[in-house]
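**Student:** just need the structure, nothing else, for what follows:
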Amino acid sequence: MNLNLFHDLTFYTLYAGLALTAFVAVERIIFYAMTRKKTLQLEDALAPGAGTPPPELLAQNNVPANVSRLLLDRMPKIRSRHDLEDASEEAYIEARLQLNRNLWILDTVVTASPLLGLLGTILGIIDTFTVLASSGISDPSGVSAGIGTALIATALGISVALFGLLFFNFFQQRVEFLGDRIKVLILRISETRQPA
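**Tutor:** Numbering: from 1, shown residues only. All right, here's what the predicted structure looks like:
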């Protein structure tokens, strides 16, 4: 069994996790910025006394427009307050699903990276002891280099996890903020039709 190969695979997996975290972070930053902008535009268009929102805002393919269309399409079928609550809940759940998309990747990287780093350290230490067993302590620099390389795996794993955690927590805050704005949007749309 080649422990060096497994040790190298651990490093490559951590680098892949770092790259994946960076990709998801950039995608989510752009997505949340655009969603915030479009939500506030629709919110202003639905402000009391503003009339109906412009059709071009509702025709776009983004979270607030999708939620608004879903709710407005269901309005003619709403006969009771219970129907309105169900439609509002459905629209909100749909929005939350889109807002939380891809965050599971960050959560997985944050959880797995320290464990992979620890695995890399263990494999590096095993490899170092294998060198010690075959050559003895005649080469202390080789032993030291092996232990140093092993500890780099732990440091890399923790660093990747911290990088991912920073973005994951920031995105959780964005999801909460945008979820609240979507609720306001849903309430404003619901005010246009108050069933008996």
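**Student:** residue ranges for the helices of the chain, please.
**Tutor:** 3-45, 55-58, 63-74, 81-100, 103-135, 140-191 (DSSP state H).
**Student:** in a markdown table, list these along with mean pLDDT.
**Tutor:** Converted to a markdown table, the helices of the chain look like this (pLDDT from 0 to 100):
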| stretch | mean pLDDT |
| --- | --- |
| helix 3-45 | 90 |
| helix 55-58 | 80 |
| helix 63-74 | 87 |
| helix 81-100 | 89 |
| helix 103-135 | 87 |
| helix 140-191 | 88 |
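**Student:** export those helices as TSV, with columns for mean neighbour count.
**Tutor:** Any C-beta I mention is one placed from the backbone N, CA and C, and that applies to glycine too. Output for those, formatted as TSV (neighbours: other CB atoms under 10 Å):
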stretch	mean neighbour count
helix 3-45	16
helix 55-58	12
helix 63-74	20
helix 81-100	16
helix 103-135	17
helix 140-191	17
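**Student:** contacts only, for Leu18.
**Tutor:** Leu18 makes contact with Val160, Phe163, according to CB atoms under 8 Å, 6 or more residues apart in numbering.
**Student:** look up how far Ser113 lies from it.
**Tutor:** 8 Å (CB to CB, to the nearest Å).
**Student:** need the overlap of contacts for these two.
**Tutor:** Val160.
**Student:** what residue lies at the spatial centre of the chain?
**Tutor:** In the chain, the residue lying closest to the centroid (CA atoms, centre = their mean) is Leu103, at 2.1 Å.
**Student:** need the contact list for the closest residue in space to that residue that isn't next to it in sequence.
**Tutor:** Using CB to CB, 6 or more residues apart in numbering and skipping residues adjacent in sequence, the residue nearest Leu103 is Phe171, 5.9 Å away. Counting by CB under 8 Å, 6+ apart, Phe171 makes contact with Arg28, Tyr32, Leu103, Leu106.
**Student:** surely the residue nearest to the centre of the chain and Phe167 touch.
**Tutor:** No. The pair Leu103 / Phe167 is not scored as a contact, 9.3 Å apart, by CB atoms under 8 Å.
**Student:** list residues touching both of those two?
**Tutor:** Arg28.
**Student:** now Ile186, nearest residue through space, not along the chain?
**Tutor:** Ser88 (5.0 Å).
**Student:** again, but for Tyr32
**Tutor:** Arg174 (4.5 Å).
**Student:** okay, that neighbour and Met34: tell me how far apart.
**Tutor:** Distance from Arg174 to Met34, by CB to CB: 12 Å.
**Student:** test my guess that the residue nearest to Ile186 contacts Leu70.
**Tutor:** No. Using CB under 8 Å, Ser88 makes no contact with Leu70, being 9.9 Å away.
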